[in-house]
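A.B. asks: My questions concern the predicted model and sequence given below.
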Amino acid sequence: MTPAATRSTLRKTVYAGIAGLSLAGTVAGCAPSATENQPASTGSSAAETSAAAPSPGSSPLAGSGSTYKDGTYSADGNYVSPNGTETVGVQLTLASGTVTDVQITQHPSNPNTRKFQGEFAGGIADQVVGKNIDDLNVSKVAGSSLTSGGFNQAVEQIKSEAQ
């Protein structure tokens, strides 16, 4: 196969993965809430969510009418890569609805996933620390774009848990 044909095949594979991720997100938006831990449409189980000792304080969010309890929350998010379904762990610390810390737990299934999750973990703090949790929706971090889907899914679960 020529280098141009290889790049073309790789692009098609990546685009198909992104289209599948987009479709999964659309289907997930129609599914029961994440707090019910229903199986995802891809046949895999829903990511687990847990809250770790939120403090008694909570903060109202301007215009939304909802509140988030201060504390540290963890969730796993799934995303689809050319190698299949991948998982990334997310831990957010919230104070007054604002992210004060973020930690990523990598769950790579292969060396390529390890590389991209590592790049993502190294750059995510710059994009989310200091921002309101309702404003988080990352698309590409340090060259890693697919891991963002799992991160965003975990953030949605954390928002549900923190309310």
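C.D. replies: Thanks, I have the structure now.
A.B. asks: any low-confidence regions in this structure?
C.D. replies: Counting by pLDDT under 70, the chain contains low-confidence residues at 1-66.
A.B. asks: can we see that at 50?
C.D. replies: 2-65 (pLDDT under 50).
A.B. asks: what ranges do the strands span in it?
C.D. replies: With DSSP state E, the ranges of strands along the chain come out as 49-52, 58-60, 67-69, 71-81, 84-95, 98-107.
A.B. asks: Show me which of those strands has the highest average neighbour count.
C.D. replies: strand 71-81 (a mean of 22; mean count of other C-beta atoms under 10 Å). The C-beta positions use only the backbone N, C-alpha and C, and glycine is treated the same way.
A.B. asks: can the strands of the chain go into TSV with extra columns for distance to Ser148?
C.D. replies: Shown next, in TSV, are these (distance: least, C-beta to C-beta, whole Å):
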stretch	distance to Ser148
strand 49-52	19
strand 58-60	26
strand 67-69	21
strand 71-81	8
strand 84-95	9
strand 98-107	11
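A.B. asks: Quick one: closest of those to Gly143.
C.D. replies: strand 71-81 (13.8 Å; C-beta to C-beta).
A.B. asks: Can you give me the distance of the closest residue in space to Thr100 that isn't next to it in sequence to Lys69?
C.D. replies: Leaving aside its chain neighbours, Thr100 sits nearest to Thr93 (4.9 Å; criterion: C-beta to C-beta, 6 or more residues apart in numbering). Remark: distance between Thr93 and Lys69 (C-beta to C-beta, to the nearest Å) = 12 Å.
A.B. asks: Pull out the buried positions in stretch 132-142.
C.D. replies: Asn132, Ile133, Leu136, Val138, Val141, Ala142 (16 or more other C-beta atoms under 10 Å).
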